[in-house]
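J.: Pasted the sequence and its predicted model underneath.
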Amino acid sequence: MNKHDTIHTKSSDERLAMMCKALGHPARVAILRHLHEIDGCVCGRIVEVLSLAQSTVSEHLRKLKLAGLVRGEVDGPSTCYCIDRDGLELLRGMLSGLCPGAGVAAGPSCPGEIKMQGDAS
C-alpha cells in the first residue's frame, strides 16, 4: 500500500483534518517551508537546517508523508524528501472551500456577531 491508497480511502473532511494535524507542529511547517524554498529533493540536510535530532526529523517527515504533504524515496542508505505538489494542491483546494475567496465580502460568521454589530450602532 502506498500513501495514496491510505489517503484516498478517507473522506475529504478526514483528509483535511489529517493534513491540518500534520501541519500542527512548527517543525513540520518549517520542513515543508524548507522543501518549498529549495524546490527540489533533499537527503539529510533537513537535520542540519532545523538543528533537530535525526530521529525527531524522521518522525516529522513520516507524519508529513502519511498526510500526503511530502514524498520520500529511498536513495541508497538515505531517503530523499520532496514536497508532494499534488497533496499541497489538494490541501489548498480543501482549505479554499472553508475560506471566502479574495475580493468576496465575508458576512457575519454567527448570529451573535450580527447582534454585536447592531448594538454598536
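T.: Arrived safely, thanks for sending.
J.: in the chain, which spans are helices?
T.: 3-8, 12-22, 26-38, 45-50, 54-66, 85-96, 111-120 (DSSP state H).
J.: Same list, those, but as a markdown table with mean neighbour count and distance to Pro77 please.
T.: C-beta coordinates here come from the backbone N, C-alpha and C atoms, glycine included. Shown next, in a markdown table, are the helices of the chain (neighbours: other C-beta atoms under 10 Å; distance: least, C-beta to C-beta, whole Å):
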| stretch | mean neighbour count | distance to Pro77 |
| --- | --- | --- |
| helix 3-8 | 13 | 22 |
| helix 12-22 | 16 | 26 |
| helix 26-38 | 16 | 20 |
| helix 45-50 | 14 | 14 |
| helix 54-66 | 17 | 13 |
| helix 85-96 | 14 | 26 |
| helix 111-120 | 9 | 56 |
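J.: between those, which gets the lowest average pLDDT?
T.: When these are ranked by mean pLDDT, helix 3-8 comes last with a mean of 49.
J.: So for Gly76, which of the helices of the chain sits nearest?
T.: Closest approach to Gly76 among those (C-beta to C-beta): helix 45-50, 15.2 Å.
J.: other SSEs contacting that closest one?
T.: Under the contact definition 3 or more C-beta pairs under 8 Å, 6 or more residues apart in numbering; DSSP states H and E, helix 45-50 sits against helix 26-38, helix 54-66.
J.: surely Ala30 meets Ser51?
T.: No - contact criterion C-beta atoms under 8 Å: Ala30 and Ser51 do not qualify, at 10.3 Å.
J.: ok, the closest residue to Arg28 other than its chain neighbours - contacts?
T.: Once flanking residues are discounted, Arg28 sits nearest to His60: 4.9 Å by C-beta to C-beta, 6 or more residues apart in numbering. Contact analysis of His60 by C-beta atoms under 8 Å, 6 or more residues apart in numbering lists 25, 27-28, 31, 52.
J.: and if you look at Arg92?
T.: Arg92 neighbours (C-beta under 8 Å, 6+ apart): none.
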